[in-house]
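Novice: just coords:
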C-alpha cells in the first residue's frame, strides 16, 4: 500500500514538475521574441533566435502611411503584425513590424565635453538642521522627497542651487512655497527655513543642479542632428536620469588614460574647453538612449567622415566588428568581438555584449573605460550601435546599444 502511495506521489511530482517546467520554458522562449522589429520592406521581416520560431504577416493589420512617425529623419511608413509560433506549433506573442525608410548617418567617435543644465534643482536627500540655539529640526522631512525637482520658490523660477540658496536667505524665517516636480506631476509645498546664524537660513536639503563630463559622439545625421553616449546622464548618487532643459556640447581634449582593471573601471582623462568658440552644439534632450541635439558648423566641419547605412538589430551577428573612438588624440577603428546579441531588446541600451580584442587598444586602455560610452560600433560596413557600459569585473567586456534604439529616442 505504501509503495502505491509513493508511486502516485512520484508520478504527481513528475507531472507537476513537467507542467511548471513547460510554463517556465514557454515564458522564457516567449520573452526572447522581440516585441517589435524595424525593416526596410515587409519581405525583410525576420527574427534571429537560437530556437525555431515560425511567423507570418497578418496583412489585415496594415496601417495607413499617413499615420507615419518621424524619428530623427526615419519615417515609419507602414505597420504590420507578425504572428509567431514556437517550434511551429505553440502560439506565441504578436510582433509589431515597422517598415521604415532607409537612412544613412555619420559614425563619429570623437571625444566631447558635456554640460547639462537640469530642469530645476534635483533633491538628493533631506536631513537635519541645527539652528543658532543648538536646536535640531528636520524642516523638509516628509515634505520634500529624494528625486524631487524644485522649479520655483514663491513663484520665482529656480534653475540652480545658488539661486535657490539666495532666495531662501532672502525670505529668511518666512514660510516659503516651493514648486516641486515629482514623477511628472507639479505640486506646491510649504517649508519653514531655519536660521543657522549670520542671516543664513537652511531647509535641510541636499541638492544638485548641473552636470558635466566627457563622452564620445556617436553620430551626426544629414540634417545636423547628433546623438551621443548611448545611455542617459544620471545622478551619481541616486542613479536616476537627470531631468534637463538644455545643455551645451563642447570640444574636449584627451590628455591621458587611466587603464581599466578587473574590479576598477578606468577612464579617459581630458579637459573641456568651456569657451564660446569651442562649442560644438546644443543639447536638447537627455534620455535613456543617449543625449541628443543640434550640431553647429564647427562640429560638422570637424566630422567629415563617410555616411553609413544603419544595421538593424536583426542584421547584427556574433563575431568580428569594430568600434571607432579617440583614446590618445587619434581617431581609429579598433577590432572587437560581438559575443552575445539580445534580439528581444529587453534591455534597451544593453542589446549586445561586446569584447575588446584589439591588442593596441587593450595595451592603451585595458578594455572599455569611462569616456568611451557612445563609441560607434560598425559591422559589415554598417553602423549597428554604440558602446554603453563596461563590465566592472572584466574591463575587456561591456554592453552596446542597437543604433535603431538611439534613433528612436
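Specialist: Received the coordinates, thanks. Keep in mind that what you see is a predicted model, and the values were worked out from it rather than measured.

Novice: Checking residue 216 next. Helix, strand or coil?
Specialist: Three-state call for residue 216 (DSSP: H, G, I helix; E, B strand; the rest coil): strand.

Novice: my guess is residue 282 meets residue 245, correct?
Specialist: No: with contact defined as CB atoms under 8 Å, residue 282 does not reach residue 245; the gap is 11.2 Å. From N, CA and C alone the C-beta is placed, and that goes for glycine too.

Novice: Output the below-cut-off pLDDT ranges for the stretch 201-350 of the chain.
Specialist: Regions of the stretch 201-350 of the chain meeting the criterion pLDDT under 70 cover residues 236-238, 345-346.

Novice: before we move on, what about the stretch 1-150 of the chain?
Specialist: 22, 24-26, 28-31, 42-77.

Novice: Can you show me the strands along it?
Specialist: Under the criterion DSSP state E, counting those that start in this stretch, the stretch 1-150 of the chain contains strands at 36-39, 53-58, 70-71, 74-86, 90-100, 104-107, 111-118, 121-126, 129-130, 136-137, 149-153.

Novice: Can you tell me the number of residues neighbouring the residue nearest to residue 235 when sequence neighbours are not counted?
Specialist: Nearest residue to residue 235 in three dimensions, chain neighbours excluded: residue 242, at 5.9 Å (CB to CB, 6 or more residues apart in numbering). When neighbours are defined as other CB atoms under 10 Å, residue 242 has 22 of them.

Novice: Next, give phi and psi for residue 242.
Specialist: Note on residue 242: backbone dihedrals following degrees, to the nearest 10 are phi -70, psi 130.

Novice: Test my guess that it contacts residue 210.
Specialist: No: Residue 242 is beyond contact range of residue 210, at 9.2 Å (criterion: CB under 8 Å).

Novice: hey, what's in contact with both of the two?
Specialist: Residues touching both residue 242 and residue 210 by CB atoms under 8 Å, 6 or more residues apart in numbering: 116, 118.

Novice: Longest helix of the chain, counting residues only.
Specialist: Of all the segments of type helix in the chain, defined by DSSP state H, the longest one is helix 2-31.

Novice: Counting by contacts, list what that one packs against.
Specialist: Applying 3 or more CB pairs under 8 Å, 6 or more residues apart in numbering; DSSP states H and E, we find helix 2-31 packed against strand 74-86, strand 90-100.

Novice: buried set for stretch 90-105?
Specialist: Neighbour counts over stretch 90-105 (16 or more other CB atoms under 10 Å) mark 92-95, 97-100, 103, 105 as buried.

Novice: go on, stretch 355-366?
Specialist: Buried residues in stretch 355-366, counted by 16+ other CB under 10 Å: 355-358, 361-362, 364-366.

Novice: I would like the residues contacting it, please.
Specialist: By CB under 8 Å, 6+ apart, stretch 355-366 touches 257, 259-261, 266, 323, 327-328, 334-337, 339, 367-368, 372, 395-397.

Novice: which of those residues count as buried?
Specialist: Using 16+ other CB under 10 Å, the buried ones in these are 257, 259-260, 266, 323, 327, 334, 336-337, 367-368, 372, 395-397.

Novice: In the residues you listed, find the pair that's most separated.
Specialist: The span of the buried ones among the contacts of stretch 355-366, defined through CB to CB, is set by 257 and 337 at 21.6 Å.
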